[in-house]
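A.B. asks: fold the following, please.
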Amino acid sequence: MSFGNTMKKIFKGLIFRKDHFEKDLIGVDDGKIASIPEGAFFESIFYIIPPFIEAHIHGGWGYDFQRGEFDQLEKILIRKGIGVAVPTLMNDSLENLKKISKKFREYKEKKGNSIFPFLRVEGPFISTYKRGAQDEASILKATRKNIDNFLSIKEIRNFTFAPERENAEYLVKKALTKGKIPSIGHSNASFSDFEKIYELGVRHMTHFPNAMSSFHHREIGLTGAGLLCQLDLEIIADCIHTSKEFLKLVYKFKKGNFAIVSDLIPPAFTDNFGRKITNEEETLLGGGTLVSEQIKILKELGFDLEDIIKLAVINNRKFFNLPIPLLKEGEEASFVILDKELNIEKIFYKGEEVKS
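C.D. replies: All right, here's what the predicted structure looks like:
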């Protein structure tokens, strides 16, 4: 592909491809990344990366996936440089989960090419003791009938569960055969509880280590399991849900082999709420800091830049078996340009620059 009459812009900087940066030129033609003609004028920038992934997000800006506000949120998220977002539902009744899933299916059929690949839910087979902000009344008994009914919802591919609950092994086995991703979280499980479902193939943890059994030298719990074992960890790296010391500890153990998420909730980025969003009992209700903002926090903590981009852009795509943009000729021209301090400078989506 070479440039024609639809030529847009050409940029030169450090481009993130696979797991590392390489200095190169990138151009856009007819919505695609194109080869660069010899002697072409280019704009010098610092970093070009694939769009961010928000793999755990409930809403924001006053909009809520729980209310089926997919269209409003997709438009906003694209303007924030987000190329993939997984709409995340709070624990709810099976009846409501099915209603929301139907709305999601209809939205996807109408939209065609959406940044939302599937739904996930924090529940319904979680611990009442570690429920956090989740609705206790909607926590289901883990009967085989309830499990089968829940797993029949095709649009929900990822769900959070507590390994110590009854029939956890049945839940995991059946979910894995259906191609779903069981995720450990909202749980007070012991390490031995964890081992049983780990041996069955469960590898994902929800907002580690929040709402999980803590670490003790005689019982390392789920927090210890996350550090010890080969797991797909997602962490809210806002220095509110996790301290900077804990983030450094996880990085020391895992390097670039975990992922960051926002856990953004509907009140985030509205006038009445800041970055820390709690209820009257001071329970954290969810996140108020986008992944694109968390990368600057990790930079300040001294994380390696290439690891930071993996945490924000690549790893959750790997964890959920989603395509990883390579930013090479012929691919869709969707990417984000960052300045030296990792602030977003420009966003391209399908070949067009969008305003944040």
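A.B. asks: what distance do you get for the spatially most central residue of the chain to Asn321?
C.D. replies: Closest to where the C-alpha atoms of the chain average out (CA atoms, centre = their mean) is Ala55, at 1.7 Å. Separation of Ala55 from Asn321 (CB to CB, to the nearest Å): 12 Å. Glycine gets a C-beta too; all of them are placed from N, C-alpha and C.
A.B. asks: let me see the ranges of the helices in the stretch 1-150 of the chain.
C.D. replies: 70-79, 94-111, 144-151 (DSSP state H, counting those that start in this stretch).
A.B. asks: just send the ones you listed back as CSV, with mean neighbour count too.
C.D. replies: Shown next, in CSV, are those (neighbours: other CB atoms under 10 Å):
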stretch, mean neighbour count
helix 70-79, 18
helix 94-111, 15
helix 144-151, 16
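A.B. asks: residues in contact with Lys328?
C.D. replies: Shown in contact with Lys328 (CB atoms under 8 Å, 6 or more residues apart in numbering): 17, 33.
A.B. asks: can you check the one 5 residues further on too?
C.D. replies: The contact partners of Ala333, taken as CB under 8 Å, 6+ apart, are 8, 28-29, 31-33, 348, 350-351.
A.B. asks: how about low-confidence regions in the stretch 51-200 of the chain?
C.D. replies: Within the stretch 51-200 of the chain, no range satisfies pLDDT under 70.
A.B. asks: and the strands in it?
C.D. replies: 52-57, 59-60, 63-64, 82-89, 119-121, 156-161, 181-184 (DSSP state E, counting those that start in this stretch).
A.B. asks: wait, which of those is closest to Phe70?
C.D. replies: When the strands of the stretch 51-200 of the chain are compared by CB to CB, strand 82-89 sits nearest Phe70, at 6.8 Å.
A.B. asks: that older thread, what's the most buried one of the strands of the stretch 51-200 of the chain?
C.D. replies: strand 52-57 (a mean of 27; mean count of other CB atoms under 10 Å).
A.B. asks: who does that strand touch, helix- and strand-wise?
C.D. replies: The helices and strands touching strand 52-57, judged by 3 or more CB pairs under 8 Å, 6 or more residues apart in numbering; DSSP states H and E, are strand 82-89, helix 291-300, helix 315-319.
A.B. asks: show me what counts as buried in the shortest one.
C.D. replies: Residues of helix 315-319 classed as buried under the neighbour-count rule (16 or more other CB atoms under 10 Å) are 315-317, 319.
A.B. asks: which outside residues touch that helix?
C.D. replies: Contacts for helix 315-319 (CB under 8 Å, 6+ apart): 53, 55, 84, 181, 204, 232, 234, 256-259, 261, 322-324.
A.B. asks: ChimeraX command for the buried members of those residues?
C.D. replies: Per 16+ other CB under 10 Å, the buried members of the contacts of helix 315-319 correspond to this ChimeraX selection:
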select :53,55,84,181,204,232,234,256,257,258,259,261
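A.B. asks: the contacts of helix 315-319 in strands, which ones?
C.D. replies: In strands, judged by DSSP state E, the following of the contacts of helix 315-319 are found: 53, 55, 84, 181, 204, 232, 234, 259.
A.B. asks: out of these, the closest to Pro267 would be?
C.D. replies: Ala55 (20.2 Å).
A.B. asks: can you tell me the closest non-neighbouring residue to that closest one?
C.D. replies: Among residues not flanking Ala55 along the chain, Asn316 sits closest, at 3.9 Å (CB to CB, 6 or more residues apart in numbering).
A.B. asks: circling back: is it possible to export the helices of the stretch 1-150 of the chain to a markdown table including distance to Arg218?
C.D. replies: Conversion of the helices of the stretch 1-150 of the chain to a markdown table gives the following (distance: least, CB to CB, whole Å):
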| stretch | distance to Arg218 |
| --- | --- |
| helix 70-79 | 44 |
| helix 94-111 | 38 |
| helix 144-151 | 33 |
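A.B. asks: wait, which of the strands of the stretch 51-200 of the chain is closest to Gly330?
C.D. replies: Closest among those, once you apply CB to CB, is strand 82-89, at 17.1 Å.
A.B. asks: dump that closest one to PDB, restricted to CA.
C.D. replies: The C-alpha trace of strand 82-89 is given here as PDB (Å, rounded to 0.1, in the frame of the first residue of the first chain):
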ATOM      1  CA  ILE A  82      -9.500   2.900  24.100                       C
ATOM      2  CA  GLY A  83      -9.700   0.300  21.400                       C
ATOM      3  CA  VAL A  84     -11.100  -2.500  23.500                       C
ATOM      4  CA  ALA A  85     -13.300  -2.400  26.600                       C
ATOM      5  CA  VAL A  86     -15.100  -5.200  28.400                       C
ATOM      6  CA  PRO A  87     -18.400  -4.000  29.800                       C
ATOM      7  CA  THR A  88     -18.400  -5.200  33.400                       C
ATOM      8  CA  LEU A  89     -21.600  -5.800  35.300                       C
END
